[in-house]
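S.K.: structure for the following, please:
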Amino acid sequence: MILLLRERATPEQLEQMLEQHKFYIKLAIDIERWVIVGGGDMHADCEEVLLDDGSRQENIWAGSFMPTTGRIIYESMVNLRPRQNRSMEILDSNIKERMAQIIKGFFNNL
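M.R.: This next block holds a predicted model:
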């Protein structure tokens, strides 16, 4: 199930987002608006929800989160942008840090 979050996830929401991949959640994050969309099969599905919600493409970054270990993977086709990021992996350490802060804020203590 794909969920749009504007505040800390509940345990029930976490379980819903884990339905597709069991051990990790695909995420798209608007690093300016501090909004997360998680769940579903592909990062692009999450990205589409953010775009429909008013996010700007240049502020959306995608990755995956493993709740049991806290590991964040900063890699997705969504991140491949010739003018901003020339790799599927996020290369800018500032963007990675912002993503980590947002993810921890939404999923810590679950």
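S.K.: am I right that Leu80 is in contact with Leu91?
M.R.: No: contact status for Leu80 versus Leu91: not in contact, 10.7 Å apart, counting by C-beta atoms under 8 Å. (Each C-beta comes from the backbone N, C-alpha and C, glycine too.)
S.K.: show me the beta-bridge partners of the most centrally placed residue in the chain.
M.R.: With the centre of the chain defined as its mean C-alpha position, the nearest residue by C-alpha atoms, centre = their mean is Leu27, 2.6 Å away. Here Leu27 sits in beta bridges with Gly38, Gly63, going by DSSP bridges.
S.K.: these two touch, right, it and Phe65?
M.R.: Yes: contact criterion C-beta under 8 Å: Leu27 and Phe65 qualify, at 5.7 Å.
S.K.: quick check: buried residues in the helix ranked longest in the chain?
M.R.: Identified as the longest helix of the chain according to DSSP state H is helix 93-107. The neighbour-count check on helix 93-107 (16 or more other C-beta atoms under 10 Å) flags 95-96, 98-99, 102-103, 106-107 as buried.
S.K.: can you check stretch 23-30 too?
M.R.: 24-30.
S.K.: quick one: contacts of it?
M.R.: 14, 17-18, 20, 35-43, 45-47, 49-50, 55-56, 59-68, 73, 76, 78, 99, 102-103 (C-beta atoms under 8 Å, 6 or more residues apart in numbering).
S.K.: need the contact list for Leu91.
M.R.: Contacts of Leu91 by C-beta under 8 Å, 6+ apart are Asn85.
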